[in-house]
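>>> structure of the sequence below:
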Amino acid sequence: MSSSFQAPKGVSEYVPPRADLFQAIRQAFAEQARLAGYGYLELAVFEDTNLFKRGVGESTDVVSKEMYTFEDRGGRSITLRPEFTAGVLRSVLENGLHKQGGLPVKVWTSGPAFRAE
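Below is the predicted model:
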């Protein structure tokens, strides 16, 4: 039985055996980051839209043309993360990571970022 559904254009999917290679590379990177003293940071996939407007700049192409933004049920403007920097800084400050071990704060993250390019 064939399906007429397809992954959206521009979306990468990792299925076996490619998924195994992707996972091995990610694990090797994670191990090197750990050995270098970096901690893993799992970020929210979406954030308050103002975080990106303030962090990336409201007049940039990312904010004005490329972000996936929607209003949630509570009437808040929410954006799927287009990049990691703003979310990393928000999380570091919100969780006081800069106070725990001094500077620099060494973290790494991975996952999807969403831009209409």
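
>>> quick one, strands of the chain?
39-40, 46-48, 68-71, 77-80, 107-108 (DSSP state E).

>>> in the chain, what secondary structure element scores lowest on mean pLDDT?
Every helix and strand of the chain was ranked by mean pLDDT, DSSP states H and E. The lowest is helix 61, at a mean of 66.

>>> from memory Phe52 sits against Glu66, does it?
No: using C-beta atoms under 8 Å, Phe52 is not in contact with Glu66, being 10.2 Å away. Glycine gets a C-beta too; all of them are placed from N, C-alpha and C.

>>> more neighbours: the two, which one.
A count of neighbours by other C-beta atoms under 10 Å puts Phe52 above the other of Phe52 and Glu66, at 24 against 15.

>>> per-residue pLDDT, that one?
At Phe52, the pLDDT value in this model is 88.

>>> cool, the one 10 residues further on as well?
Here, the pLDDT recorded for Val62 equals 68.

>>> where along this structure do the helices fall?
Secondary structure of the chain (DSSP state H): helices at 18-35, 49-52, 61, 85-94, 97-100.

>>> only alpha carbons, please: show the first one as CSV.
Only the C-alpha atoms of helix 18-35 are listed here, as CSV (Å, rounded to 0.1, in the frame of the first residue of the first chain):
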residue,chain,number,x,y,z
ARG,A,18,21.4,6.8,7.3
ALA,A,19,19.8,7.3,10.8
ASP,A,20,22.4,5.0,12.3
LEU,A,21,25.3,7.1,10.8
PHE,A,22,23.6,10.3,11.9
GLN,A,23,23.2,9.0,15.5
ALA,A,24,26.9,7.8,15.6
ILE,A,25,28.2,11.2,14.4
ARG,A,26,26.0,13.0,17.0
GLN,A,27,27.2,10.6,19.8
ALA,A,28,30.9,11.2,18.7
PHE,A,29,30.3,15.0,18.8
ALA,A,30,28.6,14.7,22.2
GLU,A,31,31.5,12.8,23.6
GLN,A,32,34.1,15.3,22.4
ALA,A,33,32.0,18.2,23.8
ARG,A,34,31.8,16.4,27.2
LEU,A,35,35.5,15.8,27.3
